[in-house]
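> next one to model:
(4 chains)
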2 protein chains.
Amino acid sequence: MDRTDGTGSGAGPARGREATRERILASARELFTDEGYGAVSSRKIAAHAGVNVALINRYFGAKRGLLTEILREDGVFPGLIEGDRGSLTRRLAEHAVSRLHGEGTALQRALDHSAGDPDLQAVYQGRITSALIDPLEAYLGGGSDARAHASLIAVVMLGLTRVRLVEGATALRAQEREDLTRRVEAILDLCLTDFHEE
Amino acid sequence: MDRTDGTGSGAGPARGREATRERILASARELFTDEGYGAVSSRKIAAHAGVNVALINRYFGAKRGLLTEILREDGVFPGLIEGDRGSLTRRLAEHAVSRLHGEGTALQRALDHSAGDPDLQAVYQGRITSALIDPLEAYLGGGSDARAHASLIAVVMLGLTRVRLVEGATALRAQEREDLTRRVEAILDLCLTDFHEE
DNA sequence: TGGTATAGGTAAACGCTGTTGACCTTGTCA
DNA sequence: TGACAAGGTCAACAGCGTTTACCTATACCA
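Numbers count the residues shown, from 1 in each chain, chains lettered A, B, ... in the order given. Below you'll find the model as predicted:
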(Lines give C-alpha, C1' and ligand atoms only; values in the text may rest on other atoms or scores of the structure.)
Protein backbone atom coordinates (compact mmCIF):
# COMPACT_ATOMS: atom_id res chain seq x y z
CA MET A 1 0.00 0.00 0.00
CA ASP A 2 2.53 2.52 1.11
CA ARG A 3 6.18 2.84 1.97
CA THR A 4 5.37 5.15 4.83
CA ASP A 5 8.50 7.12 4.11
CA GLY A 6 11.26 4.58 3.85
CA THR A 7 14.50 6.45 3.19
CA GLY A 8 14.78 5.60 -0.49
CA SER A 9 17.34 3.19 -1.89
CA GLY A 10 20.40 5.45 -1.72
CA ALA A 11 20.68 7.10 -5.14
CA GLY A 12 19.36 10.67 -5.51
CA PRO A 13 17.58 12.77 -2.91
CA ALA A 14 15.20 11.08 -0.54
CA ARG A 15 11.75 10.45 -1.95
CA GLY A 16 8.41 9.88 -0.40
CA ARG A 17 5.80 12.25 0.85
CA GLU A 18 7.31 13.11 4.19
CA ALA A 19 10.86 13.49 2.96
CA THR A 20 9.83 15.80 0.13
CA ARG A 21 7.64 17.88 2.40
CA GLU A 22 10.52 18.27 4.79
CA ARG A 23 12.93 19.22 2.03
CA ILE A 24 10.60 21.96 0.78
CA LEU A 25 10.09 23.23 4.30
CA ALA A 26 13.82 23.34 4.99
CA SER A 27 14.48 25.26 1.78
CA ALA A 28 11.71 27.71 2.55
CA ARG A 29 13.02 28.29 6.04
CA GLU A 30 16.52 28.92 4.78
CA LEU A 31 15.48 31.26 1.98
CA PHE A 32 12.94 33.17 4.06
CA THR A 33 15.64 33.65 6.68
CA ASP A 34 18.13 35.01 4.16
CA GLU A 35 15.89 37.09 1.94
CA GLY A 36 12.48 37.50 3.56
CA TYR A 37 9.12 36.18 2.52
CA GLY A 38 8.25 38.56 -0.27
CA ALA A 39 11.62 38.33 -1.99
CA VAL A 40 11.53 34.56 -2.38
CA SER A 41 9.35 33.15 -5.13
CA SER A 42 7.68 29.76 -5.13
CA ARG A 43 9.85 28.70 -8.06
CA LYS A 44 12.99 29.65 -6.19
CA ILE A 45 12.01 27.57 -3.21
CA ALA A 46 11.18 24.64 -5.45
CA ALA A 47 14.47 24.91 -7.32
CA HIS A 48 16.41 25.10 -4.07
CA ALA A 49 14.64 21.99 -2.84
CA GLY A 50 15.18 20.22 -6.14
CA VAL A 51 11.47 19.78 -6.55
CA ASN A 52 8.69 20.84 -8.89
CA VAL A 53 6.84 24.08 -8.14
CA ALA A 54 3.47 22.41 -8.12
CA LEU A 55 4.40 20.40 -5.06
CA ILE A 56 4.41 23.50 -2.89
CA ASN A 57 0.75 24.03 -3.51
CA ARG A 58 0.05 20.34 -3.34
CA TYR A 59 1.59 19.97 0.10
CA PHE A 60 1.01 23.38 1.63
CA GLY A 61 -2.02 24.73 -0.20
CA ALA A 62 -0.29 27.95 -1.13
CA LYS A 63 2.94 29.80 -0.57
CA ARG A 64 1.73 31.28 2.68
CA GLY A 65 1.11 27.78 3.96
CA LEU A 66 4.87 27.35 4.10
CA LEU A 67 5.21 30.24 6.47
CA THR A 68 2.28 29.08 8.56
CA GLU A 69 3.97 25.73 8.95
CA ILE A 70 7.32 27.28 9.84
CA LEU A 71 5.75 29.59 12.40
CA ARG A 72 3.87 26.77 14.02
CA GLU A 73 7.15 25.29 15.14
CA ASP A 74 8.34 28.08 17.39
CA GLY A 75 6.40 30.40 19.63
CA VAL A 76 6.56 34.17 19.40
CA PHE A 77 7.72 34.84 22.93
CA PRO A 78 9.04 31.51 24.17
CA GLY A 79 9.26 31.29 27.91
CA LEU A 80 8.19 34.86 28.60
CA ILE A 81 4.55 34.43 29.43
CA GLU A 82 5.08 31.98 32.23
CA GLY A 83 6.73 31.88 35.62
CA ASP A 84 6.88 34.69 38.15
CA ARG A 85 4.14 37.25 37.64
CA GLY A 86 6.00 40.09 39.31
CA SER A 87 8.75 40.12 36.71
CA LEU A 88 6.55 39.61 33.66
CA THR A 89 6.93 43.13 32.37
CA ARG A 90 10.66 43.05 33.01
CA ARG A 91 10.98 39.91 30.91
CA LEU A 92 8.88 41.37 28.14
CA ALA A 93 10.81 44.63 28.20
CA GLU A 94 14.14 42.84 28.01
CA HIS A 95 12.91 40.78 25.13
CA ALA A 96 11.56 43.79 23.25
CA VAL A 97 14.74 45.78 23.71
CA SER A 98 16.88 42.87 22.59
CA ARG A 99 14.77 42.60 19.45
CA LEU A 100 15.22 46.32 18.96
CA HIS A 101 18.94 45.68 18.88
CA GLY A 102 18.55 43.09 16.18
CA GLU A 103 19.00 40.14 18.45
CA GLY A 104 16.93 36.98 18.25
CA THR A 105 17.21 34.31 15.61
CA ALA A 106 17.84 35.24 12.00
CA LEU A 107 14.44 33.84 11.14
CA GLN A 108 12.73 36.08 13.68
CA ARG A 109 14.46 39.12 12.28
CA ALA A 110 13.56 38.20 8.73
CA LEU A 111 9.95 37.61 9.60
CA ASP A 112 9.65 40.94 11.35
CA HIS A 113 10.29 42.45 7.95
CA SER A 114 7.60 40.31 6.37
CA ALA A 115 5.01 41.02 9.03
CA GLY A 116 3.21 43.63 6.97
CA ASP A 117 2.83 41.66 3.78
CA PRO A 118 -0.85 41.72 2.78
CA ASP A 119 -0.62 38.08 1.79
CA LEU A 120 0.34 37.25 5.36
CA GLN A 121 -2.19 39.30 7.22
CA ALA A 122 -4.27 36.32 8.23
CA VAL A 123 -1.17 34.37 9.21
CA TYR A 124 0.13 37.08 11.51
CA GLN A 125 -3.31 37.83 12.82
CA GLY A 126 -3.63 34.28 14.05
CA ARG A 127 -0.11 34.30 15.39
CA ILE A 128 -0.40 37.50 17.40
CA THR A 129 -3.69 36.39 18.84
CA SER A 130 -2.78 32.83 19.67
CA ALA A 131 0.81 33.31 20.73
CA LEU A 132 0.71 36.67 22.45
CA ILE A 133 -2.68 38.06 23.38
CA ASP A 134 -4.46 34.81 24.28
CA PRO A 135 -1.64 33.51 26.48
CA LEU A 136 -1.27 36.90 28.11
CA GLU A 137 -4.97 37.06 28.88
CA ALA A 138 -4.85 33.64 30.45
CA TYR A 139 -1.65 34.44 32.31
CA LEU A 140 -3.17 37.61 33.73
CA GLY A 141 -5.89 35.60 35.33
CA GLY A 142 -8.84 36.29 33.11
CA GLY A 143 -10.33 39.25 34.97
CA SER A 144 -12.86 41.28 33.04
CA ASP A 145 -10.22 43.61 31.66
CA ALA A 146 -7.52 41.00 31.19
CA ARG A 147 -7.85 40.98 27.44
CA ALA A 148 -7.73 44.74 27.19
CA HIS A 149 -4.55 44.73 29.28
CA ALA A 150 -3.09 42.05 27.05
CA SER A 151 -3.98 44.12 24.00
CA LEU A 152 -2.20 47.15 25.41
CA ILE A 153 0.89 45.05 25.98
CA ALA A 154 0.65 43.97 22.37
CA VAL A 155 0.40 47.60 21.31
CA VAL A 156 3.78 48.34 22.85
CA MET A 157 5.48 45.13 21.72
CA LEU A 158 4.26 45.42 18.13
CA GLY A 159 4.84 49.15 18.09
CA LEU A 160 8.48 48.64 18.99
CA THR A 161 8.90 46.18 16.14
CA ARG A 162 7.18 48.49 13.73
CA VAL A 163 9.19 51.55 14.69
CA ARG A 164 12.39 49.62 14.32
CA LEU A 165 11.24 48.40 10.95
CA VAL A 166 10.04 51.67 9.59
CA GLU A 167 12.41 54.15 11.12
CA GLY A 168 15.39 52.18 12.34
CA ALA A 169 14.81 53.34 15.92
CA THR A 170 18.31 54.75 16.01
CA ALA A 171 17.46 57.17 18.76
CA LEU A 172 16.09 54.39 20.94
CA ARG A 173 19.04 52.12 20.36
CA ALA A 174 21.32 54.99 21.26
CA GLN A 175 19.86 55.10 24.78
CA GLU A 176 21.60 53.38 27.59
CA ARG A 177 20.17 49.89 27.36
CA GLU A 178 19.21 49.54 30.98
CA ASP A 179 17.53 52.95 30.97
CA LEU A 180 15.47 52.03 27.95
CA THR A 181 14.56 48.64 29.33
CA ARG A 182 13.35 50.22 32.58
CA ARG A 183 11.32 52.74 30.67
CA VAL A 184 9.64 50.08 28.54
CA GLU A 185 9.01 48.07 31.68
CA ALA A 186 7.32 51.06 33.30
CA ILE A 187 5.16 51.56 30.22
CA LEU A 188 4.17 47.91 30.24
CA ASP A 189 3.33 48.14 33.95
CA LEU A 190 1.08 51.06 33.15
CA CYS A 191 -0.63 48.92 30.51
CA LEU A 192 -1.55 46.44 33.22
CA THR A 193 -2.99 48.70 35.91
CA ASP A 194 -6.73 48.79 36.48
CA PHE A 195 -8.57 51.01 34.04
CA HIS A 196 -10.84 52.49 36.67
CA GLU A 197 -8.49 53.28 39.52
CA GLU A 198 -7.10 56.77 39.77
CA MET B 1 5.08 75.17 -28.50
CA ASP B 2 2.77 74.14 -25.74
CA ARG B 3 -0.85 74.61 -24.72
CA THR B 4 0.13 74.74 -21.10
CA ASP B 5 -2.99 72.84 -20.21
CA GLY B 6 -5.78 74.64 -21.98
CA THR B 7 -9.02 72.86 -21.19
CA GLY B 8 -9.42 71.11 -24.52
CA SER B 9 -12.04 72.09 -27.09
CA GLY B 10 -15.09 70.57 -25.41
CA ALA B 11 -15.47 67.07 -26.81
CA GLY B 12 -14.11 64.14 -24.77
CA PRO B 13 -12.22 64.27 -21.45
CA ALA B 14 -9.81 67.09 -20.85
CA ARG B 15 -6.40 66.61 -22.40
CA GLY B 16 -3.02 68.06 -21.66
CA ARG B 17 -0.36 67.04 -19.23
CA GLU B 18 -1.76 68.56 -16.08
CA ALA B 19 -5.36 67.50 -16.68
CA THR B 20 -4.37 63.91 -17.38
CA ARG B 21 -2.11 63.75 -14.35
CA GLU B 22 -4.92 65.03 -12.19
CA ARG B 23 -7.39 62.56 -13.61
CA ILE B 24 -5.09 59.62 -12.87
CA LEU B 25 -4.49 60.91 -9.37
CA ALA B 26 -8.19 61.31 -8.67
CA SER B 27 -8.92 57.78 -9.86
CA ALA B 28 -6.11 56.37 -7.76
CA ARG B 29 -7.31 58.18 -4.68
CA GLU B 30 -10.86 56.93 -5.16
CA LEU B 31 -9.87 53.33 -5.81
CA PHE B 32 -7.26 53.18 -3.05
CA THR B 33 -9.88 54.50 -0.68
CA ASP B 34 -12.43 51.89 -1.67
CA GLU B 35 -10.23 48.85 -2.08
CA GLY B 36 -6.78 49.54 -0.66
CA TYR B 37 -3.45 49.85 -2.39
CA GLY B 38 -2.64 46.21 -3.00
CA ALA B 39 -6.03 45.30 -4.39
CA VAL B 40 -5.97 47.93 -7.12
CA SER B 41 -3.87 47.23 -10.18
CA SER B 42 -2.26 49.81 -12.43
CA ARG B 43 -4.51 48.74 -15.28
CA LYS B 44 -7.59 49.26 -13.16
CA ILE B 45 -6.56 52.77 -12.25
CA ALA B 46 -5.82 53.56 -15.88
CA ALA B 47 -9.15 52.18 -17.05
CA HIS B 48 -11.00 54.15 -14.39
CA ALA B 49 -9.23 57.31 -15.49
CA GLY B 50 -9.86 56.53 -19.15
CA VAL B 51 -6.16 56.56 -19.84
CA ASN B 52 -3.46 54.20 -21.02
CA VAL B 53 -1.56 52.19 -18.41
CA ALA B 54 1.78 53.44 -19.58
CA LEU B 55 0.93 56.95 -18.52
CA ILE B 56 1.00 56.00 -14.87
CA ASN B 57 4.64 55.16 -15.06
CA ARG B 58 5.34 58.08 -17.35
CA TYR B 59 3.87 60.60 -14.91
CA PHE B 60 4.53 58.98 -11.54
CA GLY B 61 7.51 56.73 -12.14
CA ALA B 62 5.79 53.69 -10.73
CA LYS B 63 2.58 52.68 -9.02
CA ARG B 64 3.90 53.64 -5.62
CA GLY B 65 4.52 57.13 -6.95
CA LEU B 66 0.77 57.59 -7.00
CA LEU B 67 0.52 56.92 -3.30
CA THR B 68 3.49 59.11 -2.55
CA GLU B 69 1.78 61.95 -4.34
CA ILE B 70 -1.53 61.35 -2.58
CA LEU B 71 0.12 61.21 0.82
CA ARG B 72 2.02 64.40 0.19
CA GLU B 73 -1.24 66.29 0.18
CA ASP B 74 -2.35 65.60 3.74
CA GLY B 75 -0.32 65.26 6.89
CA VAL B 76 -0.46 62.23 9.15
CA PHE B 77 -1.52 64.02 12.30
CA PRO B 78 -2.85 67.36 11.12
CA GLY B 79 -2.99 69.96 13.84
CA LEU B 80 -1.88 67.68 16.64
CA ILE B 81 1.79 68.53 16.90
CA GLU B 82 1.31 72.21 17.45
CA GLY B 83 -0.26 74.50 20.01
CA ASP B 84 -0.32 73.99 23.76
CA ARG B 85 2.42 71.70 24.98
CA GLY B 86 0.62 70.64 28.13
CA SER B 87 -2.19 68.94 26.23
CA LEU B 88 -0.06 67.33 23.52
CA THR B 89 -0.44 63.82 24.84
CA ARG B 90 -4.17 64.33 25.36
CA ARG B 91 -4.56 65.37 21.73
CA LEU B 92 -2.51 62.43 20.53
CA ALA B 93 -4.42 60.01 22.74
CA GLU B 94 -7.76 61.27 21.51
CA HIS B 95 -6.62 60.97 17.95
CA ALA B 96 -5.28 57.45 18.45
CA VAL B 97 -8.43 56.25 20.17
CA SER B 98 -10.62 57.77 17.47
CA ARG B 99 -8.59 55.93 14.88
CA LEU B 100 -9.03 52.77 16.90
CA HIS B 101 -12.76 53.24 16.52
CA GLY B 102 -12.47 53.45 12.77
CA GLU B 103 -12.88 57.18 12.59
CA GLY B 104 -10.83 59.45 10.38
CA THR B 105 -11.18 59.78 6.62
CA ALA B 106 -11.91 56.74 4.50
CA LEU B 107 -8.56 57.22 2.83
CA GLN B 108 -6.75 57.13 6.17
CA ARG B 109 -8.50 53.92 7.12
CA ALA B 110 -7.72 52.34 3.78
CA LEU B 111 -4.09 53.32 3.98
CA ASP B 112 -3.70 51.89 7.47
CA HIS B 113 -4.42 48.56 5.86
CA SER B 114 -1.80 49.14 3.19
CA ALA B 115 0.88 50.28 5.61
CA GLY B 116 2.63 46.94 5.65
CA ASP B 117 2.91 46.41 1.93
CA PRO B 118 6.56 45.69 1.12
CA ASP B 119 6.29 47.84 -1.98
CA LEU B 120 5.41 50.78 0.23
CA GLN B 121 8.00 50.36 2.93
CA ALA B 122 10.08 53.30 1.74
CA VAL B 123 6.99 55.45 1.30
CA TYR B 124 5.77 54.86 4.84
CA GLN B 125 9.25 55.10 6.26
CA GLY B 126 9.58 58.61 4.91
CA ARG B 127 6.08 59.49 6.01
CA ILE B 128 6.46 58.34 9.61
CA THR B 129 9.78 60.08 9.90
CA SER B 130 8.88 63.35 8.27
CA ALA B 131 5.30 63.71 9.45
CA LEU B 132 5.48 62.26 12.95
CA ILE B 133 8.91 61.77 14.47
CA ASP B 134 10.67 64.81 13.01
CA PRO B 135 7.89 67.26 13.92
CA LEU B 136 7.60 65.73 17.37
CA GLU B 137 11.31 66.06 17.95
CA ALA B 138 11.21 69.70 16.94
CA TYR B 139 8.06 70.32 18.97
CA LEU B 140 9.64 68.80 22.05
CA GLY B 141 12.39 71.36 21.91
CA GLY B 142 15.27 69.33 20.58
CA GLY B 143 16.84 68.31 23.89
CA SER B 144 19.34 65.47 23.68
CA ASP B 145 16.67 62.83 24.21
CA ALA B 146 13.93 64.54 22.23
CA ARG B 147 14.20 62.13 19.33
CA ALA B 148 14.08 59.10 21.60
CA HIS B 149 10.98 60.49 23.25
CA ALA B 150 9.43 61.12 19.85
CA SER B 151 10.26 57.55 18.85
CA LEU B 152 8.54 56.16 21.93
CA ILE B 153 5.46 58.17 21.08
CA ALA B 154 5.59 56.65 17.63
CA VAL B 155 5.85 53.19 19.18
CA VAL B 156 2.51 53.66 20.89
CA MET B 157 0.78 55.38 18.01
CA LEU B 158 1.90 52.83 15.43
CA GLY B 159 1.34 49.97 17.83
CA LEU B 160 -2.28 50.96 18.28
CA THR B 161 -2.80 51.01 14.53
CA ARG B 162 -1.11 47.67 14.16
CA VAL B 163 -3.06 45.96 16.92
CA ARG B 164 -6.29 47.23 15.46
CA LEU B 165 -5.23 45.98 12.08
CA VAL B 166 -4.04 42.59 13.14
CA GLU B 167 -6.36 41.71 15.96
CA GLY B 168 -9.30 44.06 15.69
CA ALA B 169 -8.63 45.46 19.15
CA THR B 170 -12.10 44.47 20.21
CA ALA B 171 -11.16 44.41 23.85
CA LEU B 172 -9.78 47.93 23.69
CA ARG B 173 -12.76 49.30 21.84
CA ALA B 174 -14.99 47.72 24.45
CA GLN B 175 -13.45 49.89 27.15
CA GLU B 176 -15.15 53.05 28.22
CA ARG B 177 -13.74 55.52 25.75
CA GLU B 178 -12.71 58.14 28.26
CA ASP B 179 -10.98 55.53 30.41
CA LEU B 180 -9.00 54.26 27.45
CA THR B 181 -8.10 57.74 26.30
CA ARG B 182 -6.81 58.63 29.76
CA ARG B 183 -4.78 55.43 29.89
CA VAL B 184 -3.19 56.08 26.51
CA GLU B 185 -2.51 59.63 27.57
CA ALA B 186 -0.74 58.39 30.69
CA ILE B 187 1.34 56.00 28.64
CA LEU B 188 2.30 58.79 26.24
CA ASP B 189 3.24 60.98 29.20
CA LEU B 190 5.47 58.23 30.43
CA CYS B 191 7.12 58.13 27.01
CA LEU B 192 8.08 61.76 27.43
CA THR B 193 9.60 61.79 30.91
CA ASP B 194 13.35 62.05 31.32
CA PHE B 195 15.14 58.74 30.87
CA HIS B 196 17.44 59.25 33.81
CA GLU B 197 15.14 60.54 36.52
CA GLU B 198 13.64 58.01 38.87
C1' DT C 1 3.74 -13.78 -12.79
C1' DG C 2 0.87 -10.45 -14.77
C1' DG C 3 -2.44 -6.57 -14.24
C1' DT C 4 -3.86 -2.71 -12.07
C1' DA C 5 -4.67 0.92 -8.92
C1' DT C 6 -2.42 4.71 -6.81
C1' DA C 7 0.88 7.79 -4.68
C1' DG C 8 4.31 10.92 -6.08
C1' DG C 9 6.12 13.87 -9.33
C1' DT C 10 6.38 16.70 -13.70
C1' DA C 11 5.49 19.89 -17.62
C1' DA C 12 3.01 23.34 -19.38
C1' DA C 13 -0.18 26.47 -19.25
C1' DC C 14 -3.45 30.27 -17.13
C1' DG C 15 -4.32 34.78 -15.76
C1' DC C 16 -2.49 38.21 -13.48
C1' DT C 17 1.07 41.79 -12.05
C1' DG C 18 4.20 46.18 -12.71
C1' DT C 19 6.91 48.06 -16.18
C1' DT C 20 9.11 49.48 -20.76
C1' DG C 21 10.29 50.60 -25.54
C1' DA C 22 8.78 51.50 -30.11
C1' DC C 23 5.46 53.71 -32.55
C1' DC C 24 1.89 57.07 -33.87
C1' DT C 25 -0.87 61.39 -33.74
C1' DT C 26 -1.64 65.97 -33.03
C1' DG C 27 -0.68 70.68 -32.55
C1' DT C 28 2.76 74.48 -33.02
C1' DC C 29 6.33 77.10 -34.84
C1' DA C 30 9.88 78.53 -38.35
C1' DT D 1 5.19 73.41 -46.24
C1' DG D 2 8.33 71.06 -43.37
C1' DA D 3 10.27 69.98 -38.98
C1' DC D 4 9.85 69.30 -34.29
C1' DA D 5 8.17 67.87 -29.98
C1' DA D 6 4.60 66.78 -26.60
C1' DG D 7 1.13 63.58 -25.41
C1' DG D 8 -0.76 59.20 -25.95
C1' DT D 9 -1.25 54.24 -27.51
C1' DC D 10 -0.01 49.39 -28.31
C1' DA D 11 2.20 45.45 -27.60
C1' DA D 12 5.40 43.14 -25.47
C1' DC D 13 8.53 41.58 -21.43
C1' DA D 14 9.62 39.11 -17.43
C1' DG D 15 7.93 37.64 -13.42
C1' DC D 16 4.44 36.08 -10.06
C1' DG D 17 1.18 32.38 -7.60
C1' DT D 18 -1.56 28.78 -8.93
C1' DT D 19 -3.88 24.83 -11.53
C1' DT D 20 -4.72 21.20 -14.71
C1' DA D 21 -3.57 17.28 -17.32
C1' DC D 22 -0.34 13.97 -17.74
C1' DC D 23 3.40 10.58 -16.73
C1' DT D 24 6.02 7.06 -13.96
C1' DA D 25 7.23 3.92 -10.81
C1' DT D 26 5.94 1.44 -6.91
C1' DA D 27 2.94 -1.83 -4.14
C1' DC D 28 -0.62 -4.80 -3.98
C1' DC D 29 -3.76 -8.57 -5.51
C1' DA D 30 -5.56 -12.29 -8.42
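> show the backbone phi and psi for the spatially most central residue of chain A.
Nearest to the geometric centre of chain A sits residue A:76, at 4.7 Å (CA atoms, centre = their mean). Dihedral angles phi and psi of residue A:76 (degrees, to the nearest 10) take the values phi -70, psi -50.
> list the contacts for the closest residue to it other than its chain neighbours?
Spatial nearest neighbour of residue A:76, excluding adjacent residues (CB to CB, 6 or more residues apart in numbering or on different chains): residue A:131 at 4.0 Å. Any C-beta I mention is one placed from the backbone N, CA and C, and that applies to glycine too. By CB atoms under 8 Å, 6 or more residues apart in numbering or on different chains, residue A:131 lies in contact with A:75-77.
> repeat that with 10 Å
Residue A:131 makes contact with A:71-72, A:74-78, A:81, according to CB atoms under 10 Å, 6 or more residues apart in numbering or on different chains.
> let me see the contact set for the residue nearest to the centre of chain A.
A:95, A:108, A:111, A:124, A:127-128, A:130-132, A:135, A:157.
> among these, who's most crowded?
residue A:157 (28 neighbours; other CB atoms under 10 Å in any protein chain shown).
> right, and it touches residue B:166 too?
No - Residue A:157 is beyond contact range of residue B:166, at 11.6 Å (criterion: CB atoms under 10 Å).
> list the residues that contact both of those two?
Joint contacts of residue A:157 and residue B:166 (CB under 10 Å, 6+ apart) are A:128, A:132.
> among the contacts of residue A:131, which one lies nearest to DNA strand D?
Taking CB to the nearest atom of the strand as the measure, residue A:71 is the one of those closest to DNA strand D, at 16.3 Å.
> so that closest one: helix, strand or coil?
helix (DSSP: H, G, I helix; E, B strand; the rest coil).
> let me see the contact set for it.
Counting by CB under 10 Å, 6+ apart, residue A:71 touches A:107, A:111, A:120, A:123-124, A:126-127, A:131.
> same question, residue A:164
Residue A:164 touches A:96, A:99-102, A:109, A:112-113, A:170, A:172-173, B:151, B:155, counting by CB under 10 Å, 6+ apart.
> how much space separates it from DNA strand D?
Distance, residue A:164 to DNA strand D, by CB to the nearest atom of the strand, to the nearest Å: 25 Å.
> what helix or strand is that residue on?
helix A:146-167 (DSSP states H and E).
> check which helices and strands the helix or strand just after that helix is in contact with.
Following helix A:146-167 in sequence order, the next helix or strand is helix A:170-174 (DSSP H and E). Applying 3 or more CB pairs under 10 Å, 6 or more residues apart in numbering or on different chains; DSSP states H and E, one finds that helix A:170-174 makes contact with helix A:88-100, helix A:146-167, helix A:177-192, helix B:146-167.
> now render the contacts of residue A:76 as CSV, adding secondary structure and pLDDT.
Compiled in CSV, the contacts of residue A:76 are given as follows (DSSP: H, G, I helix; E, B strand; the rest coil; pLDDT from 0 to 100):
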residue, secondary structure, pLDDT
A:95, helix, 97
A:108, helix, 90
A:111, helix, 89
A:124, helix, 92
A:127, helix, 92
A:128, helix, 94
A:130, helix, 92
A:131, helix, 92
A:132, helix, 95
A:135, helix, 96
A:157, helix, 97
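> from those, which is closest to residue A:42?
The shortest gap between residue A:42 and any of the contacts of residue A:76 belongs to residue A:111, at 17.8 Å (CB to CB).
> stretch A:137-155: end-to-end distance?
14 Å (CA to CA, to the nearest Å).
> repeat for stretch A:138-150
Termini of stretch A:138-150 sit 9 Å apart (CA to CA).
> name the residues that touch that stretch?
Taking CB under 10 Å, 6+ apart as the rule, stretch A:138-150 contacts A:80-83, A:85, A:88, A:129, A:132-137, A:151-153, A:188, A:191-196, B:167, B:169-175, B:179-180, B:183.
> if we go to 8 Å?
A:81-82, A:85, A:88, A:132-134, A:136-137, A:191-192, A:194-195, B:171-172, B:174-175.
> contact partners for the nearest residue to residue A:113 once chain neighbours are set aside?
Spatial nearest neighbour of residue A:113, chain neighbours left out: residue A:36 (5.2 Å); criterion: CB to CB, 6+ apart. Applying CB under 8 Å, 6+ apart to residue A:36 gives the contacts A:110, A:113-114, B:118.
> by neighbours, which of the residues you listed wins?
residue A:114 leads the contacts of residue A:36 on contacts (other CB under 10 Å) with 21 neighbours.
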